[in-house]
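Peer 1: Dropping a prediction and its sequence here:
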Amino acid sequence: GEEVAQTPKHLVRGEGQKAKLYCAPIKGHSYVFWYQQVLKNEFKFLISFQNENVFDETGMPKERFSAKCLPNSPCSLEIQATKLEDSAVYFCASSPTGGNTEAFFGQGTRLTVV
Amino acid sequence: QQQVKQSPQSLIVQKGGISIINCAYENTAFDYFPWYQQFPGKGPALLIAIRPDVSEKKEGRFTISFNKSAKQFSLHIMDSQPGDSATYFCAASNQAGTALIFGKGTTLSVSS
């Protein structure tokens, strides 16, 4: 597609439940990035992929967060045992040639943990 | 993570005025400096970007000024319009392009 598609738009989970977010990058883009935006403020980098390989995972809270980008499937970000502090908007972006060129962002998934 | 510091946090400008947002970075390995514009409920969209080999880039009403020695860059919006009211984020990426590091954003309000 011509835009980054993120699903669902909204997700509500009780504390301790699992949350799974999906991202379909723009067709032909090899790089996918996940960011967390809390309170409409700064974007915290989580993880990036080059095709199905992890490119950079320095931002990932590894205990409960995991992500995958498998061939012919949307990329996914999964949060096990969600906490209140995980409430945020999660953005996915894709780029044809890496993070030092234009990255196209999706509309985000708003996760609310109650 | 390496920081990108952005100021001011909020800005109110009269219609037709100039909006100026400033950013400073620490890591000299950064080599790509984009500005993103975000409207409420939307994802950020690239506005304009610059690389360290030039000191200024202009696209329409938007100009980036870049000072490599000071490790600072700024966004100037000329003839600001109410439709420019949004949150603006500066960012930086290293040569590997593994991630964009964002500033904390500036909320711009252009009054008519």
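Peer 2: Looks like it arrived, so ask away.
Peer 1: How about the residues of chain B by chain A?
Peer 2: With CB under 8 Å from any CB of the partner chain as the criterion, chain B meets chain A at residues B:1, B:31-32, B:34, B:36, B:40-46, B:49, B:87, B:89, B:91, B:93-105. No exception for glycine: its C-beta is placed from N, CA and C like everyone else's.
Peer 1: how about residue B:97, what does it touch?
Peer 2: When contacts are counted by CB atoms under 8 Å, 6 or more residues apart in numbering or on different chains, residue B:97 touches A:31, A:95, A:97-101, B:32.
Peer 1: same thing with residue B:54?
Peer 2: Here residue B:54 is in contact with residue B:66 (criterion: CB under 8 Å, 6+ apart).
Peer 1: Kindly report the same for the one 4 residues further on.
Peer 2: Applying CB under 8 Å, 6+ apart, one finds that residue B:58 lies in contact with residue B:64.
Peer 1: out of the contacts of residue B:97, who has the most neighbours?
Peer 2: Among the contacts of residue B:97, the one with the most neighbours (other CB atoms under 10 Å in any protein chain shown) is residue A:99, at 27 neighbours.
Peer 1: nearest spatial neighbour of that residue, skipping sequence neighbours?
Peer 2: residue B:97 (3.9 Å; CB to CB, 6 or more residues apart in numbering or on different chains).
Peer 1: Go ahead and report the secondary structure state at that neighbour.
Peer 2: Taken by DSSP: H, G, I helix; E, B strand; the rest coil, the conformation at residue B:97 corresponds to coil.
Peer 1: Residue A:3 - that's part of a helix, no?
Peer 2: No - going by three-state DSSP, the assignment for residue A:3 is coil, not a helix.
Peer 1: Look up how far chain B lies from it.
Peer 2: 9 Å (CB to the nearest CB, to the nearest Å).
Peer 1: residues contacting that residue?
Peer 2: With CB under 8 Å, 6+ apart, residue A:3 has these contacts: A:26, A:104, A:106.
Peer 1: Quick check: beta-bridge partners of the second one?
Peer 2: When you say that, I think you mean residue A:104. residue A:94 (DSSP bridges).
Peer 1: same question, residue B:14
Peer 2: residue B:111.
Peer 1: wait, isn't it in contact with residue B:111?
Peer 2: Yes - Residue B:14 is in contact with residue B:111 according to CB atoms under 8 Å; the separation is 5.8 Å.
Peer 1: Give me the common contacts of the two.
Peer 2: By CB under 8 Å, 6+ apart, no residue touches both residue B:14 and residue B:111.
Peer 1: returning to what we had before: okay, and which of the residues of chain B next to chain A map to strands?
Peer 2: B:31-32, B:34, B:36, B:45-46, B:49, B:87, B:89, B:91, B:93-94, B:100-102 (DSSP state E).
Peer 1: Just give the nearest non-adjacent residue to residue B:31, would you?
Peer 2: Residue B:31 sits nearest to residue B:95 (CB to CB, 6+ apart), 5.2 Å away.
Peer 1: That neighbour and residue B:27 touch, don't they?
Peer 2: No - taking contacts as CB under 8 Å, residue B:95 lies outside contact range of residue B:27: 10.4 Å.
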